[in-house]
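In: this one's structure only:
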């Protein structure tokens, strides 16, 4: 399929919300003392990364109509971001990577997705499904996700990662964006499915 499918995109956006809810529940259960939910949380995050790529692929067709070269560039940006989320989440789930290092890769991935979201909202509007409120929420979400990008230079510090004050900015950006992105997807999904 080489066209934007609102119904399919809405269902994918809704599935991202489901994985976010499962991720929050599994994280809460992990911190309540049930260790098996750590790997479950990580695998849920990996699934979310896959769903984000699928949703972005759908939006690629709309973005390509406006600017083909830019669309391909930002599709590759999201592929890189989602790959960072998926690969590190699987590695952390199977004990092959420390959770903090994995969290930094996830932050980088979400930061790259934030860049895409900002570009998407600027380039595809106006659309019938993009209300002013949805654009505002998406923009705030994207800006919060951009605060994840300092994770990239932090990774170069290796064992000094925990003591660098930039990590607080990354955690705030990741936490805020991680909560706002599913809310944006939920509202987006409802709008798209109702078309």
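Out: In hand now; what should we look at? From a predicted model like this one, the values you see are computed outputs, not experimental measurements.
In: and for the one helix or strand in the chain whose mean pLDDT sits lowest, what's in contact with it?
Out: Lowest by mean pLDDT, DSSP states H and E among the helices and strands of the chain is helix 151-155, with a mean of 85. With C-beta atoms under 8 Å, 6 or more residues apart in numbering as the test, helix 151-155 has contacts from 101, 104-105, 107-108, 111, 161, 164, 166-167, 170, 174. (Each C-beta comes from the backbone N, C-alpha and C, glycine too.)
In: got phi/psi on the residue lying farthest from the centre of the chain?
Out: What lies farthest from the middle of the chain is residue 33; by C-alpha atoms, centre = their mean that is 26.8 Å. Here is the backbone geometry of residue 33 (degrees, to the nearest 10): phi 110, psi 20.
In: so where's this protein uncertain?
Out: Scanning the chain for pLDDT under 70 picks out the ranges 1, 158-159, 161-162.
In: centre of the chain to the biggest helix by length in the chain, how far?
Out: Using DSSP state H, we find that the single longest helix of the chain is helix 37-66. Helix 37-66 sits 7 Å away from the centroid of its parent chain (C-alpha atoms, centre = their mean, to the nearest Å).
In: same thing with stretch 168-187?
Out: Centroid separation between stretch 168-187 and its chain, computed with C-alpha atoms, centre = their mean, is 8 Å.
In: on that earlier part again, what helices and strands are in contact with whatever helix or strand comes next after the least confident helix or strand of the chain?
Out: Moving toward the C-terminus from helix 151-155, the next helix or strand (DSSP states H and E) is helix 166-193. Judged by 3 or more C-beta pairs under 8 Å, 6 or more residues apart in numbering; DSSP states H and E, the packing partners of helix 166-193 are helix 6-31, helix 99-124, helix 132-146, helix 151-155.
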